[in-house]
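Participant: Sharing a sequence plus its predicted fold:
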Amino acid sequence: MSENSVVIERTLDASIDMVWSMWTEAANFQKWYGPMGATIPVAEMDVTVGGKRKICMEMQTPNGLMQMWMVGEYKEITPKTRLVYTEAMADADGNIMSPAAMGMDQPDITDVIVELEDLGGSTKMTMTHAGIPAGSPGEMGWNMALDKMAGVLAG
């Protein structure tokens, strides 16, 4: 990948089944997704090739509650080892919105690629978000979210 991609690699102290479920089961996804302080009140996920996803992330700000909606489509699913989906900013009705209109320097539609490797009791996870610049606030948000995932898995 390039400087226009966030690539994060983690070794998680959890089975590949548990890590896979963090990405593919809405109730588990809601436990960890988003930066610290964010909640996920909506996680609609049809984890099938061509299936749609719609996520709402909420955060309290000094100006009140902020909502960010994301929509996408699952492009590739290899159970327990590879998941590829698109992600786009949207309104609450699921209509794609331009990130540039919100002051964000990224394409309208980006790709998230999750690759898992069973290490026998632990799992190597490589998450690539193509279209989100390395070193950007998006990378910081992913790192916070993946820290939350590790905490959920550590239980």
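Facilitator: Yep, it's here. Numbers count the residues shown, from 1 in each chain.
Participant: my read is Gly120 is in a strand, agree?
Facilitator: No. Per DSSP: H, G, I helix; E, B strand; the rest coil, Gly120 lies outside any strand segment and is coil.
Participant: what's the neighbour count on it?
Facilitator: Counted by other C-beta atoms under 10 Å, the residues lying close to Gly120 total 7. (Each C-beta comes from the backbone N, C-alpha and C, glycine too.)
Participant: Show me the strands in this structure, by range?
Facilitator: With strands called from DSSP state E, the chain shows them at 5-12, 39-45, 52-61, 64-78, 82-90, 109-118, 123-130.
Participant: By residue count, which helix of the chain is the longest?
Facilitator: helix 137-154 (DSSP state H).
Participant: check contacts around Ile55.
Facilitator: Residues in contact with Ile55 (C-beta atoms under 8 Å, 6 or more residues apart in numbering) are Phe29, Tyr33, Ile40, Val42, Ala43, Glu44, Met45, Trp69, Met70, Val71.
Participant: Which one of the strands of the chain lies nearest to Val19?
Facilitator: Closest of the strands of the chain to Val19 is strand 123-130, at 4.5 Å (criterion: C-beta to C-beta).
Participant: Got phi/psi on the residue most central in space within the chain?
Facilitator: For the chain, Tyr33 is the residue whose C-alpha lies nearest the centre (C-alpha atoms, centre = their mean; 6.3 Å). Per-residue torsions, Tyr33: phi -70, psi 150 (degrees, to the nearest 10).
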